[in-house]
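A.B. asks: Let's see this in three dimensions:
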Amino acid sequence: MHSPAHGSFFGSVVLLIKTTVGAGILTIPGAFSETGYFAGTLSIFVVSLIMFSTLQTLQRASDKSSALAHIYQEVVREHLGHGAGLIADVTICMYQVMSCCAFLIIIGDSFHRQLANLLGIDDSLAWLTRPLATLLFSLPGFGLCFYPRMAQLSKFMGFGVAVISVIAAFIVGDSLLGGDIAAGVQALPSRWDGSFAKLSVFAFALQCHIAAPRILFELSPDLNEKRTIISMLAYGYIVLLYTLVGYCGYRKFGAAVAGNVMLSFQGGWAFGLLNILNGCQAIFGYALNQYMARAAMYSLLIRMGIVGAPRSNEEPMIGSSSEIPQQHRHCLTVCMYLITLTVACICNDLGRFATIIGASVGT
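C.D. replies: The predicted structure is shown next:
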């Protein structure tokens, strides 16, 4: 019997998958249109191997750190010093905030047409319906952000992984059973410079390093020896999913595939249902990413002496429970929601946004 505060084997696999898979999967077909399906598949495997090996390195570093260093930036701070920890705080905060924006963009993409139809608003007022849909349908995700511990979200994330799997199955089935290969589909890129630029999209789609130390730290103590197996299962499923979706989405639409592949499908009840389900999984994805953005921002504010008493360079950020005090947690949750909502309403091209986010992963 696991404590509610501890993660289970299956729950931790699900959390790792959902932390990794989300906004990124919908941009893979667009990346394949630049790389070609063979080079794109090879890129996914290479990037995933790099990500998995660095995740294992990060976990070993976490094991050799103090009991309090179970979030990414604290591991960096203990091993590389205060300056590197500060850079990690800033970089992680920026990355996770942008990831939150990406999920809000998906929510707007998924629900704005339905909202416009419900309210009888025509396309000329799309500038109004998209921000309104993003606001209204992101509120459940905003509510989930008030949970203090990541393990408490695992019961919601199984639904998110199931929805992503159904969407992937729809894209694969529609492509393989739906007719001929689109014109212009290539195995290799026509221009290698554009192909290399899309590596940042694959990096964005395969990154879970920021959340992984916390997820694995919250495992039930009797499952500590199975952390590598948990990571392998999660990454194996993710690579399979990305390869199939990337190839099949590109196969169906060719170079004309949209940055968010769901926008390339036109009409039909199945598409409408899947679009809504996609918006629902993005709600859970937003909550997960805001959790880590909040932790990084709180660490940064503590280090700068803006919140609470200034800490020494060596002193860990927060206590053994790693829970931010409720007042600070609620304030950060509200502020980050307002910031990300504003950005998502202004910048709503998911494909371009994923490229920008992915470029920060290497940092």
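A.B. asks: How about the contacts made by the nearest residue to Leu199 once chain neighbours are set aside?
C.D. replies: Among residues not flanking Leu199 along the chain, Ser43 sits closest, at 6.2 Å (C-beta to C-beta, 6 or more residues apart in numbering). From N, CA and C alone the C-beta is placed, and that goes for glycine too. The contact partners of Ser43, taken as C-beta atoms under 8 Å, 6 or more residues apart in numbering, are 35, 195, 198-199, 202.
A.B. asks: What are the phi and psi values at Ser43?
C.D. replies: phi -60, psi -40 (degrees, to the nearest 10).
A.B. asks: Look up how far Glu34 lies from it.
C.D. replies: 10 Å (C-beta to C-beta, to the nearest Å).
A.B. asks: now Val97
C.D. replies: Distance check for Val97 against Glu34: by C-beta to C-beta, it reads 26 Å.
A.B. asks: before we move on, back to that, which two in the contacts of Ser43 are spaced the farthest apart?
C.D. replies: By the measure C-beta to C-beta, Ser195 and Phe202 form the most distant pair in the contacts of Ser43, at 10.7 Å.
A.B. asks: is it true that Ala287 touches Gly141?
C.D. replies: Yes: in terms of C-beta atoms under 8 Å, Ala287 counts as a neighbour of Gly141; the distance is 4.8 Å.
A.B. asks: who's more crowded, these two?
C.D. replies: Ala287 (27 against 24; other C-beta atoms under 10 Å).
A.B. asks: Please report how far that one lies from Ser43.
C.D. replies: Using C-beta to C-beta, one obtains 29 Å as the distance from Ala287 to Ser43.
A.B. asks: Then Leu338?
C.D. replies: Applying C-beta to C-beta, the value for Leu338 to Ser43 is 36 Å.
A.B. asks: Excluding covalently adjacent residues, which one is nearest to Gly22?
C.D. replies: Gly285 (3.7 Å).
A.B. asks: okay, now that neighbour: neighbour count?
C.D. replies: 27.
A.B. asks: swap in Ala183?
C.D. replies: Neighbours of Ala183 (other C-beta under 10 Å): 8.
A.B. asks: what residues are up against it?
C.D. replies: Contacts for Ala183 were tallied using C-beta under 8 Å, 6+ apart; they are Gly254.
A.B. asks: Got phi/psi on the most far-flung residue of the chain relative to its centre?
C.D. replies: Distance from the C-alpha centroid of the chain peaks at Gly120, with 33.0 Å (C-alpha atoms, centre = their mean). The phi and psi values for Gly120, taken as degrees, to the nearest 10, are phi 70, psi 30.
A.B. asks: Next, the buried residues of the helix or strand harbouring Leu15.
C.D. replies: Assigned by DSSP states H and E, Leu15 belongs to helix 9-20. The neighbour-count check on helix 9-20 (16 or more other C-beta atoms under 10 Å) flags 9, 11-20 as buried.
A.B. asks: Run through the neighbouring helices and strands of the following helix or strand past it.
C.D. replies: Sequence-wise, the next helix or strand downstream of helix 9-20 (DSSP H and E) is helix 28-35. If you count contacts as 3 or more C-beta pairs under 8 Å, 6 or more residues apart in numbering; DSSP states H and E, helix 28-35 packs onto helix 37-63, helix 192-197, helix 199-205, helix 227-253.
A.B. asks: So which residues make contact with helix 28-35?
C.D. replies: Identification of contacts with helix 28-35 by C-beta under 8 Å, 6+ apart yields 40, 43-44, 171, 189, 194-195, 197-198, 201-202, 205, 242, 245-250, 253-255, 257-261, 264, 351.
A.B. asks: my guess is Cys345 contacts Ala133, does it?
C.D. replies: No: between Cys345 and Ala133 there is no contact under C-beta under 8 Å: 9.9 Å.
A.B. asks: sorry, back to before: and which of the contacts of Ser43 is nearest to Phe103?
C.D. replies: The shortest approach to Phe103 among the contacts of Ser43 belongs to Phe202, at 18.3 Å (C-beta to C-beta).
A.B. asks: any idea how far Met292 is from that closest one?
C.D. replies: Counting by C-beta to C-beta - Phe202 and Met292 are separated by 20 Å.
A.B. asks: what does Ile238 give?
C.D. replies: For Ile238, the distance to Met292 (C-beta to C-beta) stands at 18 Å.
A.B. asks: Next: Val166.
C.D. replies: Separation of Val166 from Met292 (C-beta to C-beta): 26 Å.
A.B. asks: higher neighbour count, these two?
C.D. replies: Neighbour count, other C-beta under 10 Å: between Val166 and Met292, Met292 has more, with 24 against 15.
A.B. asks: where's that one, which helix or strand?
C.D. replies: Judged by DSSP H and E, Met292 forms part of helix 269-303.
A.B. asks: List the buried residues in that helix.
C.D. replies: 274-275, 277-303.
A.B. asks: Could you find the closest non-adjacent residue to Ile106?
C.D. replies: Ala282 (4.0 Å).
A.B. asks: Could you report the pLDDT at the one you found?
C.D. replies: Ala282 carries a pLDDT value of 86.
A.B. asks: list the contacts for it?
C.D. replies: Listed by C-beta under 8 Å, 6+ apart, the contact set of Ala282 reads 22-23, 103-104, 106-107, 110, 141.
A.B. asks: what do you get for Phe159?
C.D. replies: 280-281, 284.
A.B. asks: tell me which residues in the helix or strand encompassing it are buried?
C.D. replies: Counting by DSSP H and E, the element that carries Phe159 is helix 154-177. Buried positions in helix 154-177, judged by neighbour count with 16+ other C-beta under 10 Å: 154, 156-161, 163-164, 167-168, 170-172, 174-175.
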